[in-house]
Structure formats: C-alpha cells, structure tokens
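Chemist: just need the structure, nothing else, for what follows:
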Amino acid sequence: QVQLVESGGGLVRAGGSLTLSCKASGRTFSSYAMGWFRQAPGKEREFVAAITWSPGGTNYADSVKGRFTISRDNAKNTVYLQMNGLKPEDTAVYYCAAKATGSIYYTGTAYSTYKYWGQGTQVTVST
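Modeler: Residues are numbered from 1 along each chain as shown. Have a look, this model is predicted:
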C-alpha cells in the first residue's frame, strides 16, 4: 500500500514557476514508477510526466516538454515536478500517481495504469 500527498500548488502569473512535491509513504517507494497527471474543469485527466523507479527514465507530454521537469529523491520518498514558463492552459488540479509495474511510455501514460493516487493540488496560472 502506498499513500501519496501532494503539495506546492498555488496561484502564479503566466511565465512564472512552481515546484510540486509528492510525498509517499511505504518502504518500497524506490520500486515504484511515479507520474504526474492533471485535470482541468470539464476535461479528462491527462498525463503530464513520469519517471521510472531507477534514475534516468523520464517521459513528458508534448505540451509540457522543455518547460516541466520530473525528478525523484528515493531517500526522501518524494517526487517533484518543476514547472517553468507556466501558461494559463496549465491551470488544473495536479495529481501524483504511483505504479509498481508497467511502462511509463506509450500506453503506460494512461491514468488507468496507475494504482495509487494523491488527493491533488490546485495550480492556477493567471494572465
């Protein structure tokens, strides 16, 4: 069982930056792939970024590539999402997710492939 708690959301102007954190419970955090998803009002939950259990494997949605960076610190049981160059269209509730098996690429970006979810944190980007 893994419990996830996100933090770091808030209100920021377009062009600004935010860093989201996701703290995980459980001793096997380092063996889980971690992902970030977001959901805007009236829209489906969409993949943002993911990182494999071993350092070096990352994947990003085209819409955030070059602006967002996902990273993890297994010693702190925490995964981060550094968001730069924020745009109003990045406004959404951001969710952290974890899975023990499966790829983070291709069909592995589907939210249905992730087993554990946080409660979400709101990110609002103003013009």
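
Chemist: what about the strands in this structure?
Modeler: In the chain, the strands defined using DSSP state E lie at 4-7, 10-13, 18-24, 33-39, 46-51, 58-60, 68-73, 78-83, 92-99, 116-117, 121-126.

Chemist: for the ones you listed, which one ends up most surrounded?
Modeler: The highest average neighbour count among the strands of the chain, using mean count of other C-beta atoms under 10 Å, belongs to strand 33-39 at a mean of 24. C-beta coordinates here come from the backbone N, C-alpha and C atoms, glycine included.

Chemist: at the geometric centre of the protein, which residue sits there?
Modeler: In the chain, the centroid-proximal residue (C-alpha atoms, centre = their mean) is residue 36; its distance is 1.9 Å.

Chemist: chain neighbours aside, what residue packs nearest to it?
Modeler: Distances taken as C-beta to C-beta, 6 or more residues apart in numbering place residue 48 nearest to residue 36, at 4.3 Å, with adjacent residues excluded.

Chemist: repeat for residue 84
Modeler: Using C-beta to C-beta, 6+ apart, the nearest residue to residue 84 is residue 17, at 4.7 Å.

Chemist: same question, residue 39
Modeler: Leaving aside its chain neighbours, residue 39 sits nearest to residue 45 (4.3 Å; criterion: C-beta to C-beta, 6+ apart).

Chemist: which residues touch that neighbour?
Modeler: Going by C-beta atoms under 8 Å, 6 or more residues apart in numbering, residue 45 touches 37-39, 95, 111.

Chemist: now the two most distant members of those.
Modeler: For the contacts of residue 45, the farthest-apart pair by C-beta to C-beta is 38 and 111; their separation is 10.3 Å.

Chemist: point out where this structure drops to low pLDDT.
Modeler: 27, 55-56 (pLDDT under 70).

Chemist: swap the cut-off to 90 and go again
Modeler: By pLDDT under 90, the weakly predicted segments of the chain are 1, 26-31, 53-56, 74-75, 100-102.

Chemist: doesn't residue 83 make contact with the residue nearest to residue 84?
Modeler: Yes: with contact defined as C-beta atoms under 8 Å, residue 17 counts as touching residue 83 (6.2 Å).
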